[in-house]
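J.: could you look at this predicted model? Sequence included:
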Amino acid sequence: MAGAIDYNRYPHFDMSEIVRELEFGFRNYQVLNPLKTGDAVPDFIFEKDNFRWQQFVNGVETQEPVYLLQLLNKPLVISFYSGHWQSHSLDLLRELDSLQQCIKAKNGNLLIVSAEKERKLEKTVWDNGFSLSFYFDTEKTVAQKFGVYSENDPVWNRFSGVDTNMPLLATYVISPLGEILFHHIDWDFSGGFPTEKLISSLEGGSR
């Protein structure tokens, strides 16, 4: 019959052969919301195992023990770092290293919280002769507590050319009484670290 459909031209499919697409559950989107000056310090823990700590003097690693009580009973400058920020992260280390003695003179401590423990960091410290102390927050639990890292709002949503989710380049001063005295987040990499404000906040936290 003219115009009749020839069903034999097309292969027959068994419905059981069709693989259903994976069903993805709804994932809550939570905007990255870093803590700021005046907020209460979140409840976080620095683990004591040696793997998480590394200290350098003039680029050379030292084996001095870390005493958490001495670290936290003074105003603490805590700075979040990741080598994935490339030149911007190096600029931050240089800025903090230059402030090291001034922070100590104001009765403060300095600790850099790094998302990765890798040989590249050791080389960077050696090449620049930094005298810095690092804590390796490999699970990013401390960064999440401060709101500078989230799996639900990766940094590539905010920065072009970024393909790795990592903590923001953020610096805080926290008091022994549990208050954030200073915060700085480099949102646009325009430079101009607020050194004077950081040092001034240390003076207030020492009282």
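T.: That came through, no problem.
J.: next helix or strand past the host helix or strand of residue 144?
T.: According to DSSP states H and E, residue 144 maps onto helix 141-145. Once the chain leaves helix 141-145, the next helix or strand it forms, by DSSP H and E, is strand 170-174.
J.: what does that next one rub up against?
T.: Contact with strand 170-174 is made by 34-35, 41, 75-80, 92, 96, 108, 146, 148, 180-186, 193, 198, 201-202, 205, as judged by C-beta atoms under 8 Å, 6 or more residues apart in numbering. In this view, the C-beta of every residue, glycine as well, is placed from N, C-alpha and C.
J.: can you give me how far that strand is from the chain middle?
T.: Centroid displacement of strand 170-174 relative to its chain, using C-alpha atoms, centre = their mean, to the nearest Å, is 11 Å.
J.: go on, stretch 93-103?
T.: 18 Å.
J.: same thing with stretch 58-77?
T.: Centroid separation for stretch 58-77 versus its chain: 19 Å, with C-alpha atoms, centre = their mean.
J.: what average pLDDT does it get?
T.: For stretch 58-77, mean pLDDT rounds to 88.
J.: from start to finish, how long is that stretch in a straight line?
T.: For stretch 58-77, the first-to-last residue distance is 19 Å (C-alpha to C-alpha, to the nearest Å).
J.: give the buried residues for it.
T.: Using 16 or more other C-beta atoms under 10 Å as the test for burial, stretch 58-77 gives 59, 66, 71, 72, 74, 75, 76, 77.
J.: same check, this time on stretch 148-164
T.: 148, 149, 150, 153, 154, 155.
J.: can you check stretch 106-121 too?
T.: Under 16+ other C-beta under 10 Å, the buried positions of stretch 106-121 are 106, 108, 109, 110, 111, 112, 113, 114, 115, 117, 121.
J.: ok, those vs residue 100, which is closest?
T.: Distance to residue 100 across those (C-beta to C-beta) is lowest for residue 110, with 6.1 Å.
J.: beta partners of that closest one?
T.: Applying DSSP bridges to residue 110 yields these beta-bridge partners: residue 77.
J.: which ones among the buried residues of stretch 58-77 are found in strands?
T.: Assigned to strands by DSSP state E, the following of the buried residues of stretch 58-77 qualify: 76, 77.
J.: quick one: the buried residues of stretch 58-77 as JSON lines, columns for distance to residue 50 too.
T.: Output for these, formatted as JSON lines (distance: C-beta to C-beta, whole Å):
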{"residue": "59", "distance to residue 50": "20"}
{"residue": "66", "distance to residue 50": "9"}
{"residue": "71", "distance to residue 50": "15"}
{"residue": "72", "distance to residue 50": "18"}
{"residue": "74", "distance to residue 50": "22"}
{"residue": "75", "distance to residue 50": "25"}
{"residue": "76", "distance to residue 50": "20"}
{"residue": "77", "distance to residue 50": "22"}
